[in-house]
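Trainee: Okay, predicted coordinates and the sequence, questions at the end:
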Amino acid sequence: MNKPTNKMNNVGRPSAPNITETHTDHPTFTGNKALQINEPLLFEVGSVEQTGVDIAAPRDVSANRLGGLDRDEEIGLYGLSEPQTMRHYVRLSQKNFAIDSGMYPLGSCTMKHNPRINEKIARLPGLADIHPLQPQQTVRGAIEVIENLADWLMKLTGMAAVAMSPKAGAHGELCGMMAIEAALRARGEATKRTKVLIPESAHGTNPATAVFVGYQVQTIKTRDDGTVDPATIREALSDEVAAIMLTNPNTCGLFERDIMEIADAVHEAGAYFYCDGANFNAIMGRARPGDLGVDAMHINLHKTFSTPHGGGGPGAGPVVLSEALAKFAPVPFVHRNADDNIVSLVEHKQGTQAFGRMTAFHGQMGMNTRALAYILSHGQDGIKQAAEDAVLNANYVKAKLKDVLTPSFEEQSPGFKRPAMHEALFQDDFLKDTGITTLDFAKAMIDEGFHPMTMYFPLVVHGAMLIEPTESESKDTLDQFIATMRDLAKSAQNGETERFLNAPFHAPMRRLDETLAARKPILKWTPNAD
Amino acid sequence: MRYLPHSPTDRKEMLDAIGVSSIDDLFAEIPAAVRVENGFGLPNHATELEVDRFFRKQSDKNLAASAAAFFVGGGAYRHHVPATVDHLIQRSEFLTAYTPYQPEISQGTLQTLFEFQTQVAQLYDMEVANASMYDGSTGTGEAVLMAHRATKRKKAIISGGVHPQYIEVIENLSDFGEKSVLKMPANVEVLGHAEIAQIIELLDNETSCVVVQTPNFFGELADFTALADAVHAVKALLIVVVTEVVSLGAVKAPGTMGADIVVGEGQSIGVGLNFGGPYVGLFATTKKLLRQMPGRVCGETVDADGKRGFVLTMSTREQHIRREKATSNICTNAGLCTLAFTIHMTLLGEKGLRKMAMASHNGAVILAERLSKITDVDLLTTSFFNEFTIRLNGHNANDIVNALAAQNILAGLPVSRLLPHNQSDDLLVIAVTETNSDEDFDLLETALREALS
């Protein structure tokens, strides 16, 4: 018998690359680049016909009771099947930088690791699938979680009370300033005290909040070393001042070393001390704002206590309050009855001195559970260690970069040898005459796989670069970041401008035209737009 | 500690590199008198297992909606959220990203926001929407302030049908901003068109806005077209609040009725109950009022290669640029909840939303008819979507709800829970969604009949 002539292909596929050319830009038919896929808008892939859910048929009724207000016209909502939905949003997700995929040293934003046990417990049915207005006896376990977190926050800050309902940091600021205004009203001084002192280094939310509550803002200059001078505060204080809003550690990454003297001066003048708590991560476990003389401070649970930032929210901004302000805290608040030891939520201000209500329901419960999970995981010892590692990391980065970037306040203040707290501030002097801006430098960092630091903030230094590594970064990552920053700085000074001016080259998008977006706002998809 | 990567050797090497001998040197700026040396008398770190156990214990003390026959509404609704939604929002790239300040590496978040803004504008039938507010109530407060800015007037007239806690939020903001609020009584007998006639009588040249809700707190629907005309005649703005967004799959949109600002809660889509938060505030307005709108906005643009992309835009309204001149102090949006909303809305599409809306509505119609046949029960709502109010003649609604809760029936929201001084102790608001089974209906009807007998 003849053997079959067809032979199996036993040569196999090549297993070593046989490539003669390295890295040039090869256009593809689709415009995609392997894992980088251009994903159209939902409205370009879906249709009003498609759906990705199966819903049981509505029960039969003889007539609807919509009172003739039926929505007859097409809404125009586009749908996708389940697999298409999955692919659409997975592909979109792949265009995002995230703390899980790389270092995110955004100063003042505290991008720390988001533990997944937080996500798991926040989804327990008895904590997630409960209605804010179901009878309180059916949700005592949830109210106890709020109480437990409140207790930690009061003890860590050394304050008398905490308003748990504010929905975000800026909402917490608003709550704190309202408590101050309520206290002034109770003293009969609200009409006289119309000014709020705010240092120029403050977050933009501070002046915006003060105006929201009806105050005039008086901007306070910072001294050459980046901190606030108590003498300047004394000069500005009068019986027209309601409060000072001060960030500590401040936005230059420095501890306000005269904070107690400032607090005393503020109190002597009959005003209150609002502290922006965005940077509490630096001192938690080592100092209590209450001991520093603070009257109100919001805590960003999404910064300090690891609840996820989620692409811009949701946040949560509980506000701790001093003895002087405690009774003005808004509803709702947790009350534990002395007789039967049962917790409940006080929901109405009648019969209390609460100034009012910040939001419907009880605040960001889902964030409370996550923050408490983080706090319990760390415990008081871990919280202190986290603050220490955050400060260690920032100082390490500063020490390793200060000869190539320009650290702020060192030249202006001869002999300046103060440690940074949780973040290191640099300015753009080292880019002088290179033709490269802080923005260009940041975009080149993107190509190197790092999220840029906070730029052009605080406003008190030129071309600011504010680096906050947080405690979550390992020494290896920090060393790689430092080496990259050094290489970029040298490259800039050597005139290798191409690497910066047109960066990023390797991101899913090139630099975007923000001016065009603002001048001709296109804020939604419309059919036949082209 | 599992969240902290450094070894003792790392820490030592880093301190050496900094040039200090101990970590305490880095905290030397904290005044000695206030340094915390010996902790706070609080527990030390815990294992993941211990943390898990603690929260399970707390969770088990509560009655979850899924474990009950559930009819509570009042601004938060239980709808089924497909598993796909929760999976996708837990992707690292969405969950652990910050606000998209660097658009080149944030297109995932930005494109989703653009889709979200489009969906919100479509649902409300409005020209533009923002990238969300914290929730419906805070969004409503901001809407009133926006109307004051746009009209340079200070008086808001608020319908008694607006959610009572939303009104408290408006009043609180107005109180601190020295604005005036004219609050209509929350009288279930004169809501809807009867109240609209009264409001029209009250309009004057000082009125900046009228705030109404559809369906209102008691569930009643009304046509605001005539109201919108009257409001516009005095150059004021009509703000329409929608706390149950699913209603827009069945009911005429506020934009179609002439609203200038539409604001509401988006929690029903994608987000879940969460004991009240986080939720997602939806906010839309006209092109004319765009520059007065608070909150983050995402817009379309092109990159250096001419490729379409998205950025946060119109930031000259915002606090980080304008500081004390900003339209709002708002900094974050509802981020991940907007994503959940958009994904769920995409899964639904027009067809799914309409079906979900009709399943909710028809269920409510049937339940309302069944309950109204019980002696001592009067149905007070005539036109409604998925929520209606009944009077339990001679009975305290709160007591009844508590009695039924003991049988794992969460029967609804006693009006007195939110309006304790309104002589409405006998009123109960009942919500129905596509999640309610026939068995739920039977349980509620039987238990209510027994409780009232």
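Mentor: Yes, it's here. A quick note: this is a predicted structure, and the numbers were derived from the prediction, not measured.

Trainee: Distance check, B:Val128 against chain A.
Mentor: B:Val128 sits 5 Å away from chain A when distances are taken as C-beta to the nearest C-beta, to the nearest Å. In short, each C-beta sits where N, CA and C put it, glycine included.

Trainee: List the contacts of A:His462.
Mentor: Counting by C-beta atoms under 8 Å, 6 or more residues apart in numbering or on different chains, A:His462 makes contact with A:Gln427, A:Asp428, A:Asp429.

Trainee: where does it fall, phi/psi-wise?
Mentor: Here is the backbone geometry of A:His462 (degrees, to the nearest 10): phi -80, psi 130.

Trainee: gap between it and chain B?
Mentor: Separation of A:His462 from chain B (C-beta to the nearest C-beta) stands at 18 Å.

Trainee: So the spatially most central residue of chain A versus A:Glu423, what's the distance?
Mentor: By C-alpha atoms, centre = their mean, chain A has its centre lying nearest to A:Cys109, at 4.6 Å. A:Cys109 is 10 Å from A:Glu423, where distance means C-beta to C-beta, to the nearest Å.

Trainee: so what sits against both of the two?
Mentor: Contacts common to A:Cys109 and A:Glu423, judged by C-beta under 8 Å, 6+ apart, are A:Glu468.

Trainee: How many neighbouring residues does residue 98 have?
Mentor: Using chain A. Using other C-beta atoms under 10 Å in any protein chain shown, A:Ala98 has 26 other residues around it.

Trainee: oops, chain B please
Mentor: B:Tyr98 is flanked by 26 other residues according to other C-beta under 10 Å.

Trainee: Contact partners for the residue nearest to the centre of chain A?
Mentor: By C-beta under 8 Å, 6+ apart, the neighbours of A:Cys109 are A:Lys303, A:His309, A:Thr454, A:Glu468, B:Tyr98, B:Thr99.

Trainee: run the last query once more with 10 Å
Mentor: By C-beta atoms under 10 Å, 6 or more residues apart in numbering or on different chains, the contact list for A:Cys109 reads A:278, A:300, A:302-303, A:309, A:423, A:451, A:453-454, A:466, A:468, A:470, B:98-99, B:101.

Trainee: For B:Ala253, state which of those is nearest.
Mentor: Among the contacts of A:Cys109, B:Thr99 lies closest to B:Ala253 (C-beta to C-beta), at 29.8 Å.

Trainee: Excluding chain neighbours, give the residue nearest to the closest one in space.
Mentor: Spatially, and ignoring its direct neighbours in sequence, B:Thr99 is nearest to A:Gly312 (4.0 Å; C-beta to C-beta, 6 or more residues apart in numbering or on different chains).

Trainee: Which helix or strand contains the residue nearest to the centre of chain A?
Mentor: Under the criterion DSSP states H and E, no helix or strand holds A:Cys109.

Trainee: do you know how far it is from A:His302?
Mentor: 9 Å.

Trainee: any residues in contact with both of the two?
Mentor: Common contact partners of A:Cys109 and A:His302 (C-beta under 10 Å, 6+ apart): A:His309, B:Tyr98.

Trainee: Show me the chain divided up by domain.
Mentor: In the absence of a named chain, chain A is used. A:119-375, A:380-507 (automatic domain parsing).

Trainee: should've been chain B
Mentor: Under the assignment automatic domain parsing, the domains of chain B span B:65-80+B:351-452, B:83-344.

Trainee: Using TSV, lay out those together with distance to A:Tyr272 and mean pLDDT.
Mentor: Shown next, in TSV, are these (distance: least, C-beta to C-beta, whole Å; pLDDT from 0 to 100):
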stretch	distance to A:Tyr272	mean pLDDT
domain B:65-80+B:351-452	32	97
domain B:83-344	15	95
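
Trainee: and residue 448, what does it touch?
Mentor: I went with chain A, as the question did not name one. By C-beta under 10 Å, 6+ apart, the contact list for A:Glu448 reads A:Gly102, A:Gln480, A:Phe481, A:Ala483, A:Thr484, A:Met485, A:Asp487, A:Leu488, A:Arg499, A:Ala503, A:Pro504, A:His506.

Trainee: my question was about chain B
Mentor: With contact set as C-beta under 10 Å, 6+ apart, B:Leu448 has these partners: B:370-371, B:374, B:376-377, B:390, B:392, B:395, B:400, B:403-404, B:409, B:411-412, B:428, B:430.

Trainee: looking at it, B:Phe224 is touching B:Ile196, isn't it?
Mentor: Yes: contact criterion C-beta atoms under 10 Å: B:Phe224 and B:Ile196 qualify, at 7.3 Å.

Trainee: which neighbours do those two share?
Mentor: Both B:Phe224 and B:Ile196 are in contact with B:Ser159, B:Val210, B:Val212, B:Ala230, where contact means C-beta under 10 Å, 6+ apart.

Trainee: Which one of these is nearest to chain A?
Mentor: B:Val212 (13.4 Å; C-beta to the nearest C-beta).

Trainee: what are the phi and psi values for the closest one?
Mentor: Dihedral angles (degrees, to the nearest 10) for B:Val212: phi -130, psi 160.

Trainee: Just give me the neighbour total for the one residue in the stretch 1-150 of chain A that gets nearest to chain B.
Mentor: As assessed by C-beta to the nearest C-beta, chain B sits closest to A:Gly79 within the stretch 1-150 of chain A, at 1.6 Å. Using other C-beta under 10 Å, A:Gly79 is surrounded by 24 other residues.

Trainee: B:Lys61 now?
Mentor: When counting by other C-beta under 10 Å, one arrives at 16 neighbours for B:Lys61.

Trainee: again, but for the one 4 residues further on
Mentor: Counted with other C-beta under 10 Å, the burial measure for B:Ala65 works out to 22 neighbours.

Trainee: in terms of contact, does it touch A:Gln134 like I think?
Mentor: Yes: shown here, B:Ala65 and A:Gln134 form a contact pair, counting by C-beta under 10 Å, at 7.7 Å.

Trainee: what touches both of the two?
Mentor: The contact sets of B:Ala65 and A:Gln134 overlap at B:Phe71, B:Val72, B:Leu273, B:Leu410 (C-beta under 10 Å, 6+ apart).

Trainee: Among those residues, give me the pair with the biggest separation.
Mentor: Using C-beta to C-beta, these span at most 13.1 Å, a distance reached by B:Phe71 and B:Leu273.

Trainee: All good on my end, thank you.
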